[in-house]
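Whatever this is, show me its structure:
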Amino acid sequence: MNTILKTYEPTARAIVELFGKGCEVVLHDLSKPENSVVFVVNGEVTGRKVGQSFDHLIRQVLLNTNFKDDCSVSYYFETVDGKKLNQYLQ
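Predicted coordinates:
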């Protein structure tokens, strides 16, 4: 994992600790699109796992016109098992 991204692991854990069991934090290394997920806390919320790609991220967020010229966005999506989630990307 990128050493800079590794420094965000404690922050990811703290965010989940703060918001509870319904919160998931995923770190992506965008330089490796085919397996961009490098760290997951509470992955059972969506089933995300280390080594997965960022296909969902691209389809749902980065190609969305609401994301244009912004560095962060909040969006809603539904998981394959029907959970409705609000996600925040920065």
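
Show the residue spans covered by the helices in the protein.
Remark: helices assigned in the chain by DSSP state H are 3-6, 9-19, 55-57.

Which elements pack onto the first one?
I take that to be helix 3-6. strand 37-41 (3 or more C-beta pairs under 8 Å, 6 or more residues apart in numbering; DSSP states H and E). Placement of C-beta: from N, CA and C, glycine included.

tilt between the strand it packs on and helix 9-19?
Orientation check (axes from the mean of the first three to the mean of the last three C-alpha atoms, to 10 degrees): strand 37-41 against helix 9-19 gives 40 degrees.

about what we covered before: closest one to Phe39 among the helices of the chain?
Among those, the nearest to Phe39 by C-beta to C-beta is helix 9-19 (5.7 Å).

What mean pLDDT does the closest one get?
Averaged across helix 9-19, the pLDDT comes to 92.

what's next to that helix, contact-wise?
Here helix 9-19 makes contact (C-beta atoms under 8 Å, 6 or more residues apart in numbering) with Cys23, Glu24, Val25, Leu27, Phe39, Val41, Asn42.
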